[in-house]
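Any chance you could fold what I've pasted below:
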Amino acid sequence: MKRFGPTRKEFLEDVALGVAGVTLGLPLLTGASASAATSEMPYRTLGRTGEKISVLGLGGVQLGFFQDEAESIRFVRTAIDNGITYVEGSWDYFKGMCDERIGKALRDGYRKKVFLATKIDGRSKERAAAQLDDCLKRLGTDMIDLIQFHEVVYMEEPERIFGPGGAVEAVLAAKKAGKVRFIGFTGHYHPDVHLKLLDTAFKRGFRFDTGMIPLNVMDAHYNSFAKKMVPALRKQDIGILGFKSLGGGTFVGKVTPGINPVVGRFKITPAECIRYSMSLPTAAVISGMGSFDELNRNLETACSFRPMSEPEVARLLAKTADSGAAGEYEWFKGPAGLAHKLGQGDYA
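Residues are numbered from 1 along each chain as shown. Presented below is the predicted three-dimensional model:
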């Protein structure tokens, strides 16, 4: 069996101990990664892939809410024209419409300007292969830079993905055929599920290229991905993609059933939320922006980015400590997150 990095025993010991914590046990950017603010889009290396991607990524789900397709295409191209190179969709977003719109936006030379990612739900080889081919067709390309196993949230899913006839067989075959370059995963329910996914992969001599995890100002207080998953991903040099930086919008006023928005309550701005997530060792923070105003705001935050100091992080997290302790506003870490998964996609 091929070996890389630490032994499995060392890997599990490091996860159990946690890797050197700084502010409130969080790993923050240090050294060369903690560069001073610039007036241009910063780019970071995506783990061991060696690819440089924009620190702000465009999540494609909001493209489905644009009433006018031409406007959604202009939105994607405006993001790219302003330095965003990471663009992603998903097989299940609006029944494939979001990937279709991304594909149309990437015509006329735009495809070569981006690192293109999407996600599949299938856990069997058959379903994963079919979904991947759907994505290629919808995106209008013969090669996707990053394919991700979408929403890995149940403890039994790692064995399904890596078991006989599992989805990993399909994506490895696609990689061999030149249809995909890199393989990753996403999920937002509990870090222990992802730790099991990494361990299951490790035992089979497989290492993911990327992991997309929720990283936000509430996460540090409850089932923290920053504290448990970031060190584990860094240990294997797996590229870290952060999302849910605004709590799916809940932190800034979006109404989520059963959850009161926290806008104004903690006096935390969207820019602070994004900047906090970027101050963790993420390659990119993926934001599902649904308007040109949101795009411009996030572009300004990214292009003026300066990593938060430890005192700044401590002050920010002190504001959210009480409310964040029970995971009240991270709905995706609770039953609502599981219900969301069951209502989306095809996980056969």
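
Pop out the phi and psi values for residue 169.
When read as degrees, to the nearest 10, the backbone of residue 169 gives phi -60, psi -40.

again, but for the one 3 residues further on
Listed backbone geometry of residue 172 is phi -70, psi -40, with angles given as degrees, to the nearest 10.

residues in contact with it?
Residue 172 makes contact with residue 183, according to CB atoms under 8 Å, 6 or more residues apart in numbering. (C-beta placed from N, C-alpha, C; glycine too.)

how close does residue 200 sit to residue 160?
Per CB to CB, to the nearest Å, residue 200 is found 10 Å from residue 160.

nope, residue 41 is what I meant
38 Å.

Quickly list what the residue nearest to residue 79 when sequence neighbours are not counted is bridged to.
Leaving out its chain neighbours, the residue that sits closest to residue 79 by CB to CB, 6 or more residues apart in numbering is residue 58, at 4.9 Å. Residues in a beta bridge with residue 58, per DSSP bridges, are residue 87, residue 287.

Can you get me a residue count around the residue lying closest to residue 165 once chain neighbours are set aside?
Counting by CB to CB, 6+ apart, residue 165 lies nearest to residue 125, which is 5.0 Å off, once chain neighbours are set aside. Neighbour count of residue 125, defined by other CB atoms under 10 Å: 20.

got a list of what residue 125 touches?
Counting by CB under 8 Å, 6+ apart, residue 125 touches 165-167, 169-170.

Show only the entries of those residues found in helices.
Among the contacts of residue 125, the ones falling in helices (DSSP state H) are 167, 169-170.

Tell me the most packed of those residues, by neighbour count.
residue 167 (28 neighbours).

how near is that one to residue 177?
Counting by CB to CB - residue 167 and residue 177 are separated by 16 Å.

again with residue 203
26 Å.

still on that earlier bit, would you turn the contacts of residue 125 into JSON lines with distance to residue 187?
Listed next are the contacts of residue 125 as JSON lines, based on distance: CB to CB, whole Å:
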{"residue": "165", "distance to residue 187": "22"}
{"residue": "166", "distance to residue 187": "16"}
{"residue": "167", "distance to residue 187": "14"}
{"residue": "169", "distance to residue 187": "20"}
{"residue": "170", "distance to residue 187": "19"}
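
Nearest to residue 335, out of these: which one, please.
For the contacts of residue 125, the minimum distance to residue 335 (CB to CB) is 25.2 Å, reached by residue 167.

which residues does the nearest residue to the closest one once chain neighbours are set aside contact?
Once flanking residues are discounted, residue 167 sits nearest to residue 128: 3.7 Å by CB to CB, 6+ apart. Applying CB under 8 Å, 6+ apart, we find residue 128 in contact with 120, 122, 167, 170-171.

which one among those gets closest to residue 155?
residue 167 (16.4 Å).

What pLDDT does the model give the closest one?
You'll see residue 167 listed with a pLDDT of 98.

That one and residue 122 touch, don't they?
Yes: judged on CB atoms under 8 Å, residue 167 makes contact with residue 122 at a distance of 5.6 Å.

give me every residue that touches residue 126.
Taking CB under 8 Å, 6+ apart, we find residue 126 in contact with 165, 170, 348.

What's the separation between the second one and residue 133?
Going from residue 170 to residue 133 by CB to CB gives 10 Å.

Please report phi then psi for the nearest residue to residue 42 once chain neighbours are set aside.
Spatially, and ignoring its direct neighbours in sequence, residue 42 is nearest to residue 55 (4.5 Å; CB to CB, 6+ apart). With angles defined as degrees, to the nearest 10, residue 55 sits at phi -70, psi -20.
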